[in-house]
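A structural model of the following input is requested.
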Amino acid sequence: MHAITVRPTETADAKGRRRPGPENLEWTEVPTPRPGPGEVLVKVRAAGMNRADLLQRQGLYPPPRGVSEIMGFEVVGTIAELGPEVSGWQEGDEVVALLAGGGYAEYALAPAGQLLHMPSGVDPVVAATLVEVAATVISNMDHVGLASGETFLVHGGAGGIGQFAIQYAKGLGCTVATTCGTEDKRAFCRDLGADIALDYHQDWAAEFKEATGGYGADVILDVMGAAYLGHNVDSLATGGRLVIIGMQGGTRGELNIGKLLSKRGLVTATSLRFRPAEEKAAICRRVEELAWPMYADGRITPAPVETFELPDAAAAHARLESGQVLGKIALTL
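Below is the predicted model:
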């Protein structure tokens with residue numbers, strides 16, 4: 001089979017680090033994997049692209065032990081082969097699959113528990129971009145107990161995570177706030193249901209506090225990490241919960257423990273990729289239970305999707321890194 005692999009770079013940055021760029025992605029021939037016990041082999045029709053793919057390409061987000069080094073966390077396709085001890089599925093079934101890696105290929109291995117039926121009424125290429133986002137948001141909101149009537153803040157509202165989170169929290173009956181970089185994106189987020197849309201180039205924490213009458217956020221979903229840590233703690237309501245799921249703003253920050261104590265706040269960080277298979281299977285069932293009906297009846301609209309052919313993944317990575325994508329990218333075969 002063919003897959004996207006990363007060619008090592010000979011160029012080092014100012015700190016001597018070698019970070020492969022999009023131009024280092026190659027469409028090459030690799031061995032076709034065979035499913036082991038509890039696994040299926042999926043013939044890939046489309047793969048969703050996520051920002052974590054960019055980090056993996058740069059060597060900053062290596063896969064778990066024993067997982068393919070090929071990028072790609074979510075695919076749509078048909079079951080090509082069943083491994084031993086798999087029941088409830090047949091060869092030829094069309095599926096969505098949540099992966100720990102391996103999606104940028106003609107064939108991908110998936111644990112049977114991480115297969116989902118296709119969501120009703122959704123184009124298959126669009127469906128390839130849904131499960132990673134939905135699983136991330138739903139599992140984290142379950143983790144911190146987001147409830148109706150609470151105030152919810154998500155950073156990067158125009159991205160795939162942000163768009164789903166805005167609509168999901170609104171569907172739960174929350175007051176929803178977000179940060180975005182341009183007025184067009186803020187208007188887009190308000191159309192999705194955000195009650196408050198803030199410019200992250202400005203003092204968004206002060207504006208958020210004013211917009212909530214000094215109350216703050218019961219739950220914050222953060223993709224930035226270190227750069228926003230202090231402002232996020234400032235923005236928590238009493239008893240508020242901060243969930244960190246990304247490191248776009250760095251990995252090391254300073255935490256004011258006194259302020260966190262005074263707010264009786266919680267700071268937690270999670271990663272979907274490194275969870276045990278049984279936890280991921282349970283999360284996939286939650287996605288089918290909660291998210292798929294919301295897509296079917298229109299309570300959640302899928303994020304806009306740009307498409308690239310999978311062999312042209314280098315151009316897709318460059319496009320995502322540009323910051324101009326409103327939503328998600330799918331790589332198609």
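
Now do whichever strand or helix holds Val76, average pLDDT.
Element membership for Val76, per DSSP states H and E: strand 74-82. Strand 74-82 shows a mean pLDDT of 98.

any idea how far that strand is from the chain center?
Distance of strand 74-82 from the chain centroid (CA atoms, centre = their mean, to the nearest Å) equals 20 Å.

So what are the sheet partners of that strand and their directions?
strand 39-49 (antiparallel), strand 94-98 (antiparallel) (DSSP bridges).

Which strands and helices lie in contact with the helix or strand just after the first one?
Same thing as strand 39-49. Counting by DSSP H and E, the element after strand 39-49 in chain order, helix or strand, is helix 51-57. When contacts are defined as 3 or more CB pairs under 8 Å, 6 or more residues apart in numbering; DSSP states H and E, helix 51-57 packs onto helix 313-321. Heads up, the C-betas are built off the backbone N, CA and C, glycines and all.

which residues sit against the helix or strand following the helix it packs on?
Next along the chain after helix 313-321, taking DSSP H and E as the criterion, comes strand 328-332. By CB atoms under 8 Å, 6 or more residues apart in numbering, the list of residues contacting strand 328-332 from outside reads 45-49, 72, 104, 125-126, 128-129, 133, 160, 303-310, 313, 316, 319-320.

Equivalent analysis for stretch 48-58, please.
6, 19-20, 22, 24-25, 61-63, 71-75, 101, 103-104, 128-132, 159-160, 223, 246-248, 273, 313, 316-317, 320-321, 328-331.

Looking at it now, give me its mean pLDDT.
Per-residue scores along stretch 48-58 average to 95.

List the buried residues of stretch 94-108.
Buried residues in stretch 94-108, counting neighbours by 16 or more other CB atoms under 10 Å, are found at 95-108.

Nearest to Val154, out of the strands paired with strand 74-82?
strand 39-49 (19.1 Å; CB to CB).

just the angle between that closest one and strand 328-332, please?
When axes from the mean of the first three to the mean of the last three CA atoms, to 10 degrees is applied, the directions of strand 39-49 and strand 328-332 differ by 130 degrees.

tell me which element Leu116 falls in.
Assigned by DSSP H and E, Leu116 belongs to strand 115-117.

Strand partners (parallel or antiparallel) of that strand?
strand 94-98 (antiparallel).

Not counting the partner strand itself, show me its contacts.
With CB under 8 Å, 6+ apart as the criterion, strand 94-98 contacts 40, 42, 73-79, 89, 103, 108, 110, 114-119, 124, 127-128, 130-132, 135, 280, 283-284.

Buried among these? Need that as a selection in PyMOL.
Selection of buried members from the contacts of strand 94-98 for PyMOL, criterion 16+ other CB under 10 Å:
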select buried, resi 40+42+73+74+75+76+77+79+103+108+110+114+115+116+119+124+127+128+130+131+132+135+280+283+284
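
What segments of the stretch 151-300 of the chain are helices?
160-172, 183-192, 204-211, 229-235, 257-263, 277-286, 292-296 (DSSP state H, counting those that start in this stretch).

among those, which is nearest Ala217?
With CB to CB as the measure, helix 229-235 is the member of the helices of the stretch 151-300 of the chain nearest Ala217 (5.4 Å).

and His143, how many residues sit next to it?
Neighbour count of His143, defined by other CB atoms under 10 Å: 12.

In contact with it, which residues?
243, 268, 270.

Just the element for it, please.
helix 131-144.

What pLDDT is listed against Thr11?
So Thr11 comes in at 70 (pLDDT).

quick one: the closest residue to it other than its chain neighbours and Glu26, what's the gap?
Computed as CB to CB, 6 or more residues apart in numbering, the closest residue to Thr11 that is not its neighbour in sequence is Arg18, at 7.0 Å. Going from Arg18 to Glu26 by CB to CB, to the nearest Å gives 16 Å.
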